[in-house]
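S.K.: Build me a model:
(chains A, B, C and D)
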Number of protein chains: 2
Amino acid sequence: MKHGSIVMAYRRTPRMQQRIDATRAQIADAARRLVAASGYAGTGIPEIARAAGISTGSIYRHFPSKAALFQEVFQKASRHEIAAFAQAAQVPGTAPERLAGMVETFARRALRGRTLARALLVEPVGPELDADRRRFRAPYQALIEEVLSEGMAAAELVPQDPRITSICIVGAIVETLLGPLSERSGCTQGTEEEEALVRALVETCLRAAGPRPQTPPRSE
Amino acid sequence: MKHGSIVMAYRRTPRMQQRIDATRAQIADAARRLVAASGYAGTGIPEIARAAGISTGSIYRHFPSKAALFQEVFQKASRHEIAAFAQAAQVPGTAPERLAGMVETFARRALRGRTLARALLVEPVGPELDADRRRFRAPYQALIEEVLSEGMAAAELVPQDPRITSICIVGAIVETLLGPLSERSGCTQGTEEEEALVRALVETCLRAAGPRPQTPPRSE
DNA sequence: CAAAGAAATGAAACACGGTTCAATTGTTAT
DNA sequence: ATAACAATTGAACCGTGTTTCATTTCTTTG
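M.R.: Below is the predicted model:
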């Protein structure tokens, strides 16, 4: 040692922190793009590293494991979708009208971004991620449930358990999209068939919500 | 060679065939039990072999691959369930009545045989099997579709695309059961909560089918 | 500039699980 | 009994894809 003087070198500077955050974001973004193109199973760590312009090992400085990385990717991706869904829930109108808009929004967006939607909804992933994926569906269900509750309170909908109904609607949407999403892209892309599908789906979900047939009991 | 005589030895005897068939069944049974306990991903070939009391290699004399083995397991398991469902479809009554019975049958059976139902419906599996599993849902959907079509023809149900509606109903049932089936067994087993769940599910599915409100247009 | 130490590298190690195969055991027919 | 050949064994194989780690590069401070 050079005469007892302590040399304090390298404390993480804001500049550096920024750079690190940027890299982290780059990794997540590359992973999102790749998973949207090839699905979860078909996306390996080396590939992600290449796409992000860094080395394989570096990924593990930012994320403890592949599962953790994709947890974040899925979370971020679905946050985006949920935002769009929530926006559809906020348009003014009766409960049935709003519900119709929500279902249509969900279906249209999923059909447009097929591979990502498949990764988020149907593609088989490991058990850890699977639990998360179920958690991602909850917000959709919650938003639907709220609209149903409001509709019931306003006597626009028949009495029901809004929780179960909302779960059923989520299931109905997912199951209906499952077929088209599983096909190799380019098949059902014709707006013709898809249009009919979305229309029938919306109608069925509306019926499930149980709209009151006529305007409130002739109180006028 | 012993003086030109041809020695024809070992032709597969009925006795032997029986033994082989028994082994094959043992393998399938062990696989079914293990998959019900730990899921597809958590069930390896060596483990199955141990449970069946044979060697790993022998499995491949009976099944060409792990996927093929589980294909058979799933097929056998769901054949039984589908039979029960089809029986519920054949009771006499109006379309809504029959549909209610079918939905209830499905839900009750699934909730009773939790582990198997989970394996057939929810447990994540590889891509090859996933396609098969979807195929197993088709019979349920087809049976529902037929009832809906008949109901439409009899003017018991509003006009609709029975195919989409039936897909929605299947999705609604599965999604509703997904929660209870995922819980560690013993949780929601109380008949209390389950009863309410089944009732609400049946009601929602009935609404989705769109029953005509009053009996046929006052023709009397 | 030099020291200190973090961040990045990428090739290699490792884990996992399905599949194979040479050797062994078992069965049939003469 | 024995030839012929099927059935069985289980340890080794192999591909895949995640994770590690010794080395190098870069950033900060005295």
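S.K.: When you work out contacts or count neighbours from here on, use the C-alpha atoms and nothing else.
M.R.: Will do.
S.K.: quick one: A:Val73 and A:Ala28 touch, right?
M.R.: Yes. In terms of Cα atoms under 8 Å, A:Val73 counts as a neighbour of A:Ala28; the distance is 5.9 Å.
S.K.: Could you look up the next helix or strand downstream of the lowest-mean-pLDDT helix or strand in chain A?
M.R.: Least confident element among the helices and strands of chain A, by mean pLDDT, DSSP states H and E: helix A:114-121 (a mean of 84). For helix A:114-121, the succeeding helix or strand toward the C-terminus, using DSSP states H and E, is helix A:127-153.
S.K.: Next, the angle helix B:127-153 makes with the helix or strand just after that next one.
M.R.: For helix A:127-153, the following helix or strand on the C-terminal side (DSSP H and E) is helix A:162-182. Put simply, helix A:162-182 runs at 120 degrees to helix B:127-153, going by axes from the mean of the first three to the mean of the last three Cα atoms, to 10 degrees.
S.K.: Check whether helix A:162-182 comes near chain B.
M.R.: Yes. With Cα under 8 Å from any Cα of the partner chain as the criterion, chain B is reached by helix A:162-182 at A:Ile164, A:Thr165, A:Ile167, A:Cys168, A:Ile169, A:Val170, A:Gly171, A:Ala172, A:Ile173, A:Val174, A:Glu175, A:Thr176.
S.K.: Which elements pack onto that helix?
M.R.: The elements that helix A:162-182 packs onto, with contact taken as 3 or more Cα pairs under 8 Å, 6 or more residues apart in numbering or on different chains; DSSP states H and E, are helix A:95-112, helix A:114-121, helix A:127-153, helix A:191-209, helix B:162-182, helix B:191-209.
S.K.: how about these in a markdown table, adding distance to DNA strand C?
M.R.: Supplementary listing: the helices and strands packed on helix A:162-182 in a markdown table, determined by distance: least, Cα to the nearest atom of the strand, whole Å:
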| stretch | distance to DNA strand C |
| --- | --- |
| helix A:95-112 | 32 |
| helix A:114-121 | 22 |
| helix A:127-153 | 12 |
| helix A:191-209 | 37 |
| helix B:162-182 | 21 |
| helix B:191-209 | 34 |
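S.K.: looking at these, which is closest to DNA strand D?
M.R.: helix A:127-153 (11.6 Å; Cα to the nearest atom of the strand).
S.K.: okay, now the domains of chain A?
M.R.: Structural domains assigned to chain A are A:10-63, A:72-209, following automatic domain parsing.
S.K.: Any part of the shortest one near DNA strand C?
M.R.: Yes. Domain A:10-63 comes into contact with DNA strand C (Cα under 7 Å from any atom of the strand), by way of A:10-12, A:19-20, A:23, A:53-58, A:61.
S.K.: Up against DNA strand D, what does chain A have?
M.R.: A:5-13, A:15-16, A:41-46, A:56-58, A:60, A:64-67.
S.K.: Once you drop chain neighbours, what's closest to the spatially most central residue of chain A?
M.R.: Central residue of chain A (Cα atoms, centre = their mean): A:Ser78, 2.7 Å from the mean position. Using Cα to Cα, 6 or more residues apart in numbering or on different chains and skipping residues adjacent in sequence, the residue nearest A:Ser78 is A:Phe136, 6.9 Å away.
S.K.: how many neighbours does that neighbour have?
M.R.: A:Phe136: 18 surrounding residues under other Cα atoms under 10 Å in any protein chain shown.
S.K.: In this structure it contacts A:Lys76, no?
M.R.: No. Assessed by Cα under 8 Å, A:Phe136 is found out of contact with A:Lys76, at 10.3 Å.
S.K.: doesn't A:Pro162 make contact with A:Ser149?
M.R.: Yes. Look at A:Ser149 against A:Pro162 with Cα under 8 Å: they come within range, at 6.2 Å.
S.K.: Now A:Thr204. Nearest residue, chain neighbours left out?
M.R.: B:Ala208 (5.5 Å).
S.K.: Now do the same contact list for A:Ile27.
M.R.: By Cα atoms under 8 Å, 6 or more residues apart in numbering or on different chains, the residues touching A:Ile27 are A:Ile48, A:Ala49, A:Ala52, A:Ile59.
S.K.: hmm, try it at 6 Å
M.R.: The neighbours of A:Ile27, taking Cα atoms under 6 Å, 6 or more residues apart in numbering or on different chains as the test, are A:Ala52.
S.K.: Do you know the pLDDT at it?
M.R.: Note on A:Ile27: pLDDT of 96.
S.K.: buried set for whatever helix or strand it lives in?
M.R.: Using DSSP H and E, A:Ile27 sits within helix A:14-38. By neighbour count on 16 or more other Cα atoms under 10 Å in any protein chain shown, the buried set for helix A:14-38 is A:23-24, A:26-37.
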